[in-house]
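1. how would this look folded up:
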Amino acid sequence: MCSYIILWQYLIKKIYLKTTTLFFLLFISASGNAQEQFRHNAEAETLFSRGLEMYHAGSFENAAELFETALNINPIHQRTTASYLMGAKSWLSIREEAQAMFLLNNFLKRFPQSEYAREAHFTLGTTYFLLQEYTSSVKEFLNVLQPGVRDERTIKSELILDSLVRFVLSPSETKELSDETQNDFLKELIARNETALSSDPESSPPPVPKRRKTKTIGIGALLPLMSASSGSSIKKAAEEVIEGMTIAQAQFEETDTEIEIVLDVKNTELDSFLAKNIVKEFSSDNNTVALIGPLFSNMVQACVPEASAGKIPLVAPIANTVGLAGMSEYIFQANADLAMHGKALAHYAVKQLAMTSLGVIAPNNPTANTLTSAFIAEAKRLGANVTAHETYEKISDDLSQKFLALRKSNVRSEPQVSFEKKISGSLRKRIIKAGASATLVDSLIASRGRVPVSRLFETNGLKTARALNLTIINPRSTASNMELPISTIQGVFAPVASSDDIGVIASQMMYYNIKAQLLGSAEWYDESQLEIQRRYAEGVIFCSDYFMNENDPAFISLQQQLRKKPTKYTLFGYDTMNLILSCIERGSITRESLRDCLSNIQFWEGAHSTVTLSKGRVNRVVQILQFDEGVVQRVTEVTVE
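-> Reported below is the predicted structural model:
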């Protein structure tokens, strides 16, 4: 099957489904938590709460009747508007589109300024889609988009509109909309689609696949979509994780499985309290068997008690703080933690590169401290000698004394005899007569080199050299002379706080003439910075939690489906979802069985890395990469024991 068809299937599965449950829950979160400001009515509150219970239990017809009873109570009360929405969603869940549309249209007529109006338009768009009234569906999703508003509903509407334009609307429908609309977003979608079709005449999508699904399983996601920050890097990372998850979901449903996956994405912002409540809400829905997220370690930690109490597996895609998985048998870290990184790099340096002498220069911050502690402990355990451990507060500080200390700790402690000055014939004879090898002396004279006194004179070397009035170089002067290389240290581990610091550290290594293999942390995986600093950074070896192998078929497939290069967050989202789906595919469809399956994952091949969760529920596989001849290449994977 060609890559375009795969792309089409991925997107179409997100919006074209025989049952409404997946489509509707993928994009819509129940609105029952909010209340508009009307007179409070206790009876309505009770009815609404019972309706929510029925809804979450999957008894949608009973739920709809309770919501309709609540909304018909007069006068207007605190649950009137929410009852309209939840009633419509309940009817839609059992494919009673007419009842859903009746409630939604009445709601918009009565409460056009309601805070739920955009959600009503969204649900109407869903309803029209299920009725195959595609142009009406587009118009409703366009009503969700508002100038200056960039939230979850906006993002999801844009995703659906993009899929409708590219894969569902006929040419005549597209033209009709293009002629009618004043919406810039839709005009841009249509123009982009026409350009793509004209450049690929064979890109027409195949018939819509229709599969019978007999079992529905929910997966919740907790991501910081940052509704108030349209351009933030955190929001962008969350959106890229969603991209990866939805591709994995669509690919799963293209298999012969009878399981339908419901992906429900909820916005946590950066609010740990909100995230905890979302986990609690997901836990109360028995259909939800696993959670993905949050992204950041502090929020994962805040969610542990609720996930543990609800006995629901929570898989953190990128959180790398040490000990998170150890807090509960239901917590999993798909990303290797910081200690794993330090251990893996030390293991590679000592066991694979046979290094016995190592040094460390690192920023003094919690992340670097965890990395370096693990690196040093593992290196020593394997028999290496860590001769220096230098730390600095800020990269902008004067690091000269740190690098000088690194040099001094690794110069030879034994004085050397210098043959840089001219040696007369008579002095040559006296040196040889004192016990030095004639061959060695002649070689040193020819190269004007240096030699340790004990090698030149086996016994009483320093006393003999002084008696002959030879030039003696002490270790301190060697450390201070930048023209003299330090080659006794074999590797220097230099984690950085940011890839912006690569140039400072790499150039200082060269300036201070430390001839050692440079070893870096995951922050060194920035190809643009490495290229800029190529003169200094060439050959650096560093650990990473992922590797972007552009020749890998899985990576190529992802790139073709996205029509852009996947980011690391896309890969993390894709693999985390696939990890869970692999267990579901093997029959682990309850929370307990899914927990057990994830706990026994070993050497699972992902797009970003191999994943092994056994022995602690945290991934123990770390990538070892090298910047070689201007390209980042994978050297090996290390599984930390």
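
2. C-alpha only now, for contacts and for neighbours.
-> Fine.

3. now residue 224: phi and psi?
-> With angles defined as degrees, to the nearest 10, residue 224 sits at phi -80, psi 80.

4. quick check: closest non-adjacent residue to it.
-> residue 269 (4.2 Å; Cα to Cα, 6 or more residues apart in numbering).

5. wait, isn't that neighbour in contact with residue 225?
-> Yes: contact criterion Cα atoms under 8 Å: residue 269 and residue 225 qualify, at 6.0 Å.

6. who's more crowded, those two?
-> Neighbour count, other Cα atoms under 10 Å: between residue 269 and residue 225, residue 225 has more, with 25 against 19.

7. residues touching the more buried one, list them.
-> Applying Cα atoms under 8 Å, 6 or more residues apart in numbering, we find residue 225 in contact with 151, 152, 234, 235, 236, 238, 239, 267, 268, 269.

8. the fourth one looks like it's in a helix, true?
-> Yes: assessed by DSSP: H, G, I helix; E, B strand; the rest coil, residue 235 belongs to a helix.

9. relative to residue 40, how far out is residue 297?
-> Residue 297 is 40 Å from residue 40, where distance means Cα to Cα, to the nearest Å.

10. these two: which has the busier surroundings?
-> More crowded of residue 297 and residue 40, by other Cα under 10 Å: residue 297, with 18 against 13.

11. how about the nearest residue to the more buried one, chain neighbours excluded?
-> residue 319 is the one closest to residue 297 (Cα to Cα, 6+ apart), at 4.7 Å.

12. next one: residue 420
-> residue 448 (4.3 Å).

13. enumerate every residue touching the one you found.
-> For residue 448, counting by Cα under 8 Å, 6+ apart, the contacting residues are 418, 419, 420, 421.

14. rerun at 10 Å
-> 418, 419, 420, 421, 422, 423, 441, 442 (Cα atoms under 10 Å, 6 or more residues apart in numbering).

15. same question for residue 433.
-> Here residue 433 is in contact with residue 427 (Cα under 10 Å, 6+ apart).

16. contacting residues around the residue nearest to residue 297?
-> Residues counted as contacts of residue 319 (Cα under 10 Å, 6+ apart) are 293-301, 332-338.

17. and residue 566, by the same measure?
-> Residue 566 touches 240, 243, 244, 548, 550, 555, 556, 558, 559, 560, counting by Cα under 10 Å, 6+ apart.

18. with adjacent residues omitted, what lies nearest to the second one?
-> Spelled out, that is residue 243. Residue nearest to residue 243 in three dimensions, not counting chain neighbours: residue 570, with 6.0 Å by Cα to Cα, 6+ apart.

19. what number of residues lie near the one you found?
-> Neighbours around residue 570, by other Cα under 10 Å: 26.

20. for residue 176, same thing?
-> With other Cα under 10 Å as criterion, residue 176 counts 12.

21. now do residue 641
-> 9.

22. skip the chain neighbours and tell me the closest residue to it.
-> Nearest to residue 641 is residue 620, by Cα to Cα, 6+ apart, at 7.5 Å.

23. what's the answer for residue 526, then?
-> In space, and not counting its chain neighbours, residue 526 is closest to residue 499: 6.4 Å by Cα to Cα, 6+ apart.

24. so for that neighbour, what's the pLDDT?
-> Residue 499 carries a pLDDT value of 94.

25. could you give the backbone dihedrals for it?
-> The phi/psi pair for residue 499 (degrees, to the nearest 10) is phi -60, psi -20.

26. for residue 474, see how far away residue 460 is.
-> 16 Å.

27. comparing those two, which residue is more hemmed in?
-> residue 474 (15 against 10).
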